[in-house]
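S.K.: Fold the following.
(2 chains)
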Protein chains: 2
Amino acid sequence: MTRASGARSGRRPGNSGTREAILDAARFRFSEVGFDKASIRSIATAASVDPALVHHYFGTKHQLFAAALQLPIDPQEILAGFAVVPVEGLGEHIIRTVVGIWDSPVGMPAVAAFRSMLASDDPTLARTFLLEVVLKEIRPRVDSPPGTGAQRAVLAASQLAGLLVTRKILRLEPIASMPIDQLAATIGPTLQRYFTGDLPLES
Amino acid sequence: MTRASGARSGRRPGNSGTREAILDAARFRFSEVGFDKASIRSIATAASVDPALVHHYFGTKHQLFAAALQLPIDPQEILAGFAVVPVEGLGEHIIRTVVGIWDSPVGMPAVAAFRSMLASDDPTLARTFLLEVVLKEIRPRVDSPPGTGAQRAVLAASQLAGLLVTRKILRLEPIASMPIDQLAATIGPTLQRYFTGDLPLES
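M.R.: A predicted model of the protein is given here:
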């Protein structure tokens, strides 16, 4: 499980043992202290490996988190796309982007990862991921009036989570086969209202 | 497992064996042919018991379905309440009613039942329950223009399912502790728009 034994014992078993030890340590630290406070160094220490090896295997901390959750894609890549869209178009853009991913070849493992988060007895890791990674980028962009960003972002998350559940997990018709254009036109405005509408929120 | 052995063998083990056999047969038939087509008679036959015993143990077919899904309440009771609310007030009324139930003492087993539906490898039973019981009552009430009722009802289901996931399963703040009044005022209008708004739906 240590770097030394991993290096000694040929490619397959050693490397995969080390990878698993790092992923276990990452899941533990992310659940325990959250994404921001879990350093690569502390994860490396918990896995008894050198921090450089964590970067070597997994890249950035975001990529490590995606691997710990068994996500097929780095969420930062998608979130970076959201950052350049004007806030008035965010609702429809997010529907088109995320439904496009769910319906694509990487969609099945992404949906499976979400299902296993829901089935888990301890939602801490999933909560950390959503609050500290996914929603973190959105919150400051929709924080108007100031102090309402967290409420707006999580309301949008509630609609997106339910679309994932009904379309991809329960596969309820007619939403399971609804064309993306129709989802963008019907559900996009819901997200947009949560992001920028006049809502009775605490500020 | 048969009625005869159930009757012979004293109260506990025999009765609970018969109950379980009926519930297994019910889950199988509801998944196989749907709620409407699964008769109490066919379920009784599959469980090798008399139909009267199914009614004796479980009451109506709706109550049997609720028991098969391990729901703590008969959904018909809640749906009967929806039927007397004017369609223009349905969005807010549904949010207040269902969140009230989720937050009540029967809420925890209800949430657990929904979680196990999501975790199941075969969503047929959950789909049957939602399409043939829960949404069936709503569809004709929101079918304007004619032919849009099924789309409207399932869009509302997508928002409700996501509220359940974020508030009760993942317990994401600030939605996990949002007061019901605030949920009714923020999410109620989303349901209302899906029910009666001018949407680009196929009719």
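
S.K.: Just give the closest residue to residue A:147, not the sequence neighbours.
M.R.: Nearest residue to residue A:147, sequence neighbours excluded (Cβ to Cβ, 6 or more residues apart in numbering or on different chains): residue A:203, at 3.8 Å. Yep, even glycine has a C-beta here, placed from its N, CA and C like the rest.

S.K.: Which secondary structure state is assigned to the one you found?
M.R.: coil (DSSP: H, G, I helix; E, B strand; the rest coil).

S.K.: you'd agree it is up against residue A:150?
M.R.: No - Residue A:203 is beyond contact range of residue A:150, at 10.7 Å (criterion: Cβ atoms under 8 Å).

S.K.: all helices of chain A, in order?
M.R.: Along chain A, counting by DSSP state H, helices occupy A:3-8, A:12-33, A:40-46, A:51-58, A:61-68, A:75-83, A:90-102, A:107-119, A:124-129, A:135-138, A:149-164, A:180-186, A:188-196.

S.K.: worst-scoring helix or strand of chain A, pLDDT-wise?
M.R.: Least confident element among the helices and strands of chain A, by mean pLDDT, DSSP states H and E: helix A:3-8 (a mean of 39).

S.K.: quick one: the residue in chain A that chain B sits nearest to from residue B:158, how far?
M.R.: Residue nearest to chain B within chain A: residue A:162 (2.4 Å; Cβ to the nearest Cβ). Residue A:162 is 4 Å from residue B:158, where distance means Cβ to Cβ, to the nearest Å.

S.K.: buried residues in stretch A:169-187?
M.R.: Of all the residues in stretch A:169-187, those buried under the rule 16 or more other Cβ atoms under 10 Å in any protein chain shown are A:169-170, A:172, A:174-175, A:178, A:182-184, A:186-187.

S.K.: now the end-to-end length of stretch A:28-38.
M.R.: Distance across stretch A:28-38, first residue to last, is 9 Å (Cα to Cα, to the nearest Å).

S.K.: Buried residues of it, list them for me.
M.R.: Using 16+ other Cβ under 10 Å as the test for burial, stretch A:28-38 gives A:28-31, A:35, A:38.

S.K.: Next, see if that stretch gets close to chain B.
M.R.: No - using Cβ under 8 Å from any Cβ of the partner chain, stretch A:28-38 stays clear of chain B, coming no nearer than 12.9 Å.

S.K.: Provide a list of residues in contact with residue A:138.
M.R.: Applying Cβ atoms under 8 Å, 6 or more residues apart in numbering or on different chains to residue A:138 gives the contacts A:82, A:90, A:149, A:153, A:156, A:195.

S.K.: Tell me which residues are up against stretch A:50-68.
M.R.: With Cβ under 8 Å, 6+ apart, stretch A:50-68 has contacts from A:3, A:18-19, A:22-23, A:26-27, A:30, A:35, A:38, A:40-41, A:43-44, A:47, A:73-76, A:125, A:129, A:133.

S.K.: If any of those residues are buried, put those into a ChimeraX selection.
M.R.: Typed into ChimeraX, the line below selects the buried ones among the contacts of stretch A:50-68, using 16+ other Cβ under 10 Å:
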select /A:3,18,19,22,23,26,27,30,35,38,40,43,44,47,74,75,76,125,129,133
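
S.K.: quick one: which of residue A:162 and residue B:158 has more around it?
M.R.: Using other Cβ atoms under 10 Å in any protein chain shown as the criterion, residue A:162 and residue B:158 rank with residue B:158 on top: 29 against 24.

S.K.: So that one is in contact with residue A:163, correct?
M.R.: Yes - judged on Cβ under 8 Å, residue B:158 makes contact with residue A:163 at a distance of 4.9 Å.

S.K.: which residues touch stretch A:108-126?
M.R.: Contacts for stretch A:108-126 (Cβ under 8 Å, 6+ apart): A:27, A:30-31, A:68-73, A:101-102, A:129, A:164, A:168-169, B:115, B:118-119, B:165, B:169-171.
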